[in-house]
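Novice: structure of the sequence below:
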Amino acid sequence: MDTSETQIKGWERRGIYDDPKLTQIVKMYEEIGFSVKVEPFKPGKEPGIETGCTECIKENPDKYKVLYTKKNEPEWKDRY
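Specialist: Model (predicted):
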């Protein structure tokens, strides 16, 4: 999924993480009612991220994932 496509559909980028922190954060967002998407990190192609901020990640990009969230609609909205 293209990052711009993700943003258009209402998903918000929350950050770039690796495990075990990624798993903890995904669980937390799901527990508080968010949908979660985890996408591969693409060095140099993440808008809004300074190049210097990703230098250490570039050494092992497959280890890191970009986390996106989207607030779930309340279940009762579907009933009315």
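Novice: hang on, Val26 in a helix?
Specialist: Yes: looking at Val26 with DSSP: H, G, I helix; E, B strand; the rest coil, it is inside a helix.
Novice: my guess is it contacts Val38. True?
Specialist: Yes: checked against Cβ atoms under 8 Å, the pair Val26 and Val38 is within contact range at 6.8 Å. In this view, the C-beta of every residue, glycine as well, is placed from N, C-alpha and C.
Novice: neighbour count: those two, which is higher?
Specialist: Shown here are Val26 and Val38; by other Cβ atoms under 10 Å, Val26 has more neighbours (20 against 14).
Novice: how far away is that one from Lys42?
Specialist: Relative to Lys42, Val26 is positioned 19 Å away (Cβ to Cβ, to the nearest Å).
Novice: one more: Arg13?
Specialist: Going from Arg13 to Lys42 by Cβ to Cβ gives 12 Å.
Novice: which one's more surrounded, those two?
Specialist: Arg13 (18 against 12).
Novice: surely that one is within a helix?
Specialist: No: Arg13 is assigned strand when assessed by three-state DSSP, not a helix.
Novice: that one contacts Leu67, doesn't it?
Specialist: Yes: assessed by Cβ under 8 Å, Arg13 is found in contact with Leu67 at 7.3 Å.
Novice: all set, thanks.
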